[in-house]
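Asks: My questions concern the predicted model and sequence given below.
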Amino acid sequence: MKPQGETLKSATPVLKAQKVEDDIETTYYEGFEGWQQSFGINWIPDDWTEINTEANIPTEDMLKHNVNNTWFCYESTNMYQDFTPDGMCEAFIHFGYTNETFGLGPAAQDEWLISPVISLKDKETLQFILQADYISVYDCDKFDWYKLAYDERILVNTMKVMISTDGGENWGEIWDLHEDVTSLLTDREIYDGSGLQVRYFDIDLADYAGKDVKLAWRYVRTPWCSTASRSRTRSLRPSTT
């Protein structure tokens with residue numbers, strides 16, 4: 001069943017990026033290190049699932065030409081982004097773009113990467129690493145590069161973290177990159193945070209203690225395209241401690 005998108009904002013996000021401590025007991029961890037070169041660009045772990053918009057599901061021909069605008073795992077790279085500090089691989093999603101060869105336009109994206117069921121203990125915290133270009137959350141055509149400020153902030157894409165306590169029948173939102181991070185920053189702070197930088201985030205899951213949950217990383221993007229902002233990729237490595 002497609003998630004209903006109900007809002008459950010009871011879990012409080014920690015806005016300051018924090019690094020995962022090595023000596024903390026981990027309830028669940030996924031580093032996506034099972035990826036192999038032979039898997040190509042359409043693999044996620046067997047116990048993870050996806051929900052994708054039909055317009056972005058890649059054909060075999062698209063995959064042969066390295067085109068996939070849904071979630072997949074791949075080897076990390078430092079080309080125009082930070083190399084992952086944790087292992088060699090990461091989960092990744094590319095922003096939609098125009099490709100006349102495959103009939104692609106900048107289709108809206110609402111792409112979900114969903115974890116298996118995780119049995120939470122008391123006082124759990126979701127810790128994940130996210131590479132996100134803060135300046136690309138908003139329409140870069142509205143950014144004045146001389147003043148280093150937006151003429152107007154128009155939201156064009158964000159990353160959400162969702163949670164389900166009924167096996168994925170219903171979902172609630174517990175974190176949003178726009179609402180919980182960039183909307184709280186000044187234009188200059190967003191500019192200073194531009195580029196695909198590794199950032200650490202914590203979300204308190206104490207309200208879900210003792211429950212079996214699924215977590216989802218939901219990339220949402222409007223059908224919009226600008227040559228001024230091409231770096232709309234997201235990568236993540238989650239754990240619960």
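Replies: Perfect, I can see it now.
Asks: Check the gap between Leu215 and Glu33 for me.
Replies: To Glu33, Leu215 is 19 Å away according to C-beta to C-beta, to the nearest Å. C-beta here means a position set from N, CA and C on the backbone, and glycine is covered the same way.
Asks: And for Phe143?
Replies: Computed as C-beta to C-beta, the Phe143 to Glu33 distance reads 37 Å.
Asks: Neighbour count: these two, which is higher?
Replies: With neighbours defined as other C-beta atoms under 10 Å, Phe143 and Glu33 compare such that Phe143 has more, 22 against 15.
Asks: Excluding chain neighbours, what is closest to the more buried one?
Replies: Tyr150 (5.2 Å; C-beta to C-beta, 6 or more residues apart in numbering).
Asks: Quick check: that neighbour touching Val137?
Replies: No - applying C-beta atoms under 8 Å, one finds Tyr150 not in contact with Val137, separated by 10.6 Å.
Asks: quick one: which of these two has more around it?
Replies: Taking other C-beta under 10 Å, Tyr150 and Val137 do not tie; Val137 has more neighbours (25 against 18).
Asks: Count the neighbours of the spatially closest residue to the more buried one that is not a sequence neighbour for me.
Replies: Excluding its sequence neighbours, the residue lying closest to Val137 (C-beta to C-beta, 6+ apart) is Thr182, at 4.9 Å. Using other C-beta under 10 Å, Thr182 has 21 neighbouring residues.
Asks: ok, Thr182 - contacts?
Replies: With contacts defined as C-beta atoms under 8 Å, 6 or more residues apart in numbering, Thr182 is in contact with Tyr134, Val137, Tyr138, Ile190.
Asks: Then Trp48?
Replies: Residues counted as contacts of Trp48 (C-beta under 8 Å, 6+ apart) are Glu30, Leu113, Ile114, Ser115, Pro116.
Asks: For those, pick the one with the most neighbours.
Replies: Most neighbours among the contacts of Trp48, by other C-beta under 10 Å: Leu113, with 25 neighbours.
Asks: pretty sure that residue is in a strand, no?
Replies: Yes - remark: Leu113 belongs to a strand, assigned using DSSP: H, G, I helix; E, B strand; the rest coil.
Asks: Bridge partners for it, pull those for me.
Replies: On the basis of DSSP bridges, Leu113 is bridged to Glu50, Trp217.
Asks: shouldn't Ile203 be in contact with Leu126?
Replies: Yes - using C-beta under 8 Å, Ile203 is in contact with Leu126, at 4.3 Å.
Asks: intersection of neighbour lists for those two?
Replies: In contact with both Ile203 and Leu126: Val161, using C-beta under 8 Å, 6+ apart.
Asks: These two: which is more packed in?
Replies: In terms of neighbours (other C-beta under 10 Å), Leu126 is the more surrounded of Ile203 and Leu126; the figures are 27 against 21.
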